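# pasted the sequence and its predicted model underneath.
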Amino acid sequence: MPFSVRFSILDRANSRAGISEAEALGGVVERAGRAEALGYHRFWVAEHHGVPGIAGSAPAVLMAAIAARTGTIRVGSGGIMLPNHPPLVVAEQVATLAALHPGRIDLGVGRSVGFTPAVRDALRSGKEGPNRFEADVIELLAYLSGSAAITARPQDSSRTPVFVLATGAGVGIAARAGLGVVLGGPALFRRSSDGEIPAIAQYRAQFRPSAWRDEPFVMVSVNVAVARASDAAREQLLPEARALAVSRTRGEFPPLEPMGAAAYAAVPAREKKLMDDFLATSIYGTVPEVDRRLAQLLSDTRADEVLVSGGAFDGEAQAESDELLTDLFQ
């Protein structure tokens with residue numbers, strides 16, 4: 001029986017060796033159209049600055065392009081990083097999108113700052129950016145609701161759903177503000193002595209109903225790759241796993257490159273450990289294998305929605321993975 005929760009996609013607009021960044025962005029828009037046809041609920045894009053391996057630096061602009069090329073799928077950000085922007089500007093951007101595409105826009109916000117000191121300086125985010133995140137969220141909500149000292153234009157009459165991409169303190173911020181929370185990575189695989197996932201338990205326990213949500217809403221973000229053979233699904237994830245490992249050991253996230261089992265075997269030990277950590281918090285395999293692992297994740301988290309992340313180098317393999325996954329929710 002298909003899962004009863006909704007499935008959505010987060011595309012980080014990875015650059016790929018051998019194609020231009022413009023082509024990478026075009027591929028994101030095309031994937032959104034396919035996701036809509038396949039029945040995915042949302043299609044989200046992310047924000048990264050000065051990263052050679054990621055072409056997506058302006059989520060509001062990319063959201064506009066996707067919304068204009070689709071008709072029903074919800075379009076959102078996973079996320080816009082508030083330390084990099086005045087809350088009023090973010091409110092105006094999302095309200096403009098919501099006015100142009102009523103009932104289809106989501107706003108996910110995060111607290112990450114630029115990847116390098118030069119990027120942080122260029123963004124004027126400063127050292128205090130993450131520390132003022134909760135105040136920025138409250139200010140943003142006031143602009144969107146029309147309760148601030150000034151009125152953001154256009155007015156957001158559709159009450160755009162707001163989500164917090166939570167790590168650490170972000171869980172409590174989402175709960176206190178009465179917003180949906182997006183959790184991913186190692187936090188989903190940690191268990192307390194009573195078997196609970198601490199971050200999710202904290203969010204549900206501290207949630208305060210608000211004008212945005214009456215009840216807690218948990219979206220789990222997980223790297224997923226589906227193929228007709230287990231090894232092929234694993235190989236889909238290796239290029240991004242390697243890029244992340246390189247970013248942590250050498251300080252630069254490169255464009256994705258193809259990578260098979262032989263290349264993986266030759267990776268330096270430190271990078272291989274990081275790649276293995278990435279794979280350990282990913283879900284991949286054939287449809288039945290992914291079905292079993294997703295069923296366990298949903299049982300553990302009692303999540304309301306799954307946000308599928310992870311980018312393959314091979315566009316055809318990525319498209320097939322997106323299509324095969326629909327067997328589990330349609």
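That came through fine.

# list the buried residues of whichever helix in the chain runs longest.
Of all the segments of type helix in the chain, defined by DSSP state H, the longest one is helix 230-250. The neighbour-count check on helix 230-250 (16 or more other Cβ atoms under 10 Å) flags 232-247 as buried. C-beta here means a position set from N, CA and C on the backbone, and glycine is covered the same way.

# closest to residue 113 out of those residues?
Nearest to residue 113 among these is residue 247, at 15.2 Å by Cβ to Cβ.

# that closest one contacts residue 240, correct?
No: at 10.5 Å, residue 247 does not count as touching residue 240 under the criterion of Cβ atoms under 8 Å.

# that older thread, for residue 119, state which of the buried residues of helix 230-250 is nearest.
Nearest to residue 119 among the buried residues of helix 230-250: residue 247, at 13.1 Å, using Cβ to Cβ.

# OK, contacts around residue 210?
177-179 (Cβ atoms under 8 Å, 6 or more residues apart in numbering).

# got TSV for the residues you listed, with pLDDT and secondary structure too?
Putting those into TSV (pLDDT from 0 to 100; DSSP: H, G, I helix; E, B strand; the rest coil) gives the following:
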residue	pLDDT	secondary structure
177	97	helix
178	98	coil
179	98	coil
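
# out of these, which is most surrounded?
Greatest neighbour count in those, by other Cβ atoms under 10 Å, goes to residue 179: 27 neighbours.

# need the phi and psi values for it.
Taking degrees, to the nearest 10, you get phi -110, psi 160 for the backbone angles of residue 179.

# residue 211 is in contact with that one, correct?
No: counting by Cβ under 8 Å, residue 179 stays clear of residue 211, with 10.4 Å between them.

# JSON lines for the contacts of residue 210, including distance to residue 204?
Supplementary listing: those in JSON lines, determined by distance: Cβ to Cβ, whole Å:
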{"residue": "177", "distance to residue 204": "14"}
{"residue": "178", "distance to residue 204": "12"}
{"residue": "179", "distance to residue 204": "13"}
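
# closest to residue 98 among those?
residue 179 (16.3 Å).

# quick one: secondary structure of residue 51?
Under the three-state scheme (DSSP: H, G, I helix; E, B strand; the rest coil), residue 51 adopts coil.

# which residue is the nearest non-sequential neighbour of it?
residue 253 (5.0 Å; Cβ to Cβ, 6 or more residues apart in numbering).

# the one you found belongs to a helix, doesn't it?
No: counting by three-state DSSP, residue 253 falls outside a helix, being coil.
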